[in-house]
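Participant: Just a sequence and a predicted model for now, questions to come.
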Amino acid sequence: MVDSRRYEFEGTEPSIHEDARVSREATLVGDVTIEAEASIWPGVVCRGDVAPVTVGRMTHVGDNATLHASQLGEQVMCGHGAILNDAVVEDDALVGFNATLNSSVHVGAGSIVASGTVVPEGYDIPPESFVRGVPASVSPLSETTIDPDEIFEEHSSGAYTNLAQRHGPLFE
């Protein structure tokens, strides 16, 4: 059976590691790479047409998120409804529900982008930052009351990998 939600674009097809979980309700177009133990949930669109989309090892992309020409490092949590356009998110970062990362945004490792945040074009967010608001404001995590270890344990742990594995038919 041909999967109608995975599309070749100009001779390039999506590449999915055998240990990744990609919902049959997700759409992958062109130069898209999904690494081991990553999960792509229902409604996600990964469009690698003008530039590649990469989803790193143990990275999870929540329902209805859109990744266009964007790179996610390892152990990134990308929340439901997030929109990333030509953005880079380094390892161990979290992008909250319905956050928007516009073109040429770079999120440093270990950073947290709060739900609903809109990051304007060209922002370069340092590692271990807290980003919130419309438009976004950036603070070092060390200057907040947020416990990043607690946040990352809750959202970026192997528990999400396990959850994807338990949803067997959703990913067949």
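Facilitator: Arrived safely, thanks for sending.

Participant: Spatially central, which residue of this structure would that be?
Facilitator: Per C-alpha atoms, centre = their mean, the C-alpha nearest to the average position across the chain is that of residue 78, at 3.8 Å.

Participant: ok, that one to residue 11 distance?
Facilitator: With the distance defined as C-beta to C-beta, to the nearest Å, residue 78 ends up 27 Å from residue 11. C-beta: built from backbone N, CA, C; applies to glycine.

Participant: pLDDT below threshold where in the chain?
Facilitator: Where the chain drops to pLDDT under 70, the residues are 1-4, 155-158, 172.

Participant: hmm, back to that, the residue nearest to the centre of the chain and residue 51, how far apart?
Facilitator: Taken as C-beta to C-beta, the span from residue 78 to residue 51 is 17 Å.

Participant: try residue 114
Facilitator: Using C-beta to C-beta, residue 114 is found at 26 Å from residue 51.

Participant: neighbour-wise, which of these two wins?
Facilitator: Neighbours were counted for residue 114 and for residue 51 using other C-beta atoms under 10 Å; residue 114 has more, 17 against 14.

Participant: distance between the ends of stretch 29-40?
Facilitator: Length of stretch 29-40, first residue to last, C-alpha to C-alpha, to the nearest Å: 13 Å.

Participant: The lengthiest strand in the chain - contacts with which helices or strands?
Facilitator: The longest strand of the chain (DSSP state E) is strand 45-55. Here strand 45-55 touches strand 27-34, strand 66-68, strand 71-72, going by 3 or more C-beta pairs under 8 Å, 6 or more residues apart in numbering; DSSP states H and E.

Participant: For these, give me a markdown table that also has distance to residue 141 and mean neighbour count.
Facilitator: Shown next, in a markdown table, are those (distance: least, C-beta to C-beta, whole Å; neighbours: other C-beta atoms under 10 Å):
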| stretch | distance to residue 141 | mean neighbour count |
| --- | --- | --- |
| strand 27-34 | 28 | 23 |
| strand 66-68 | 24 | 22 |
| strand 71-72 | 19 | 24 |
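
Participant: Same list (those strands) but as a markdown table, adding distance to residue 82.
Facilitator: Shown next, in a markdown table, are those (distance: least, C-beta to C-beta, whole Å):
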| stretch | distance to residue 82 |
| --- | --- |
| strand 27-34 | 15 |
| strand 66-68 | 8 |
| strand 71-72 | 10 |
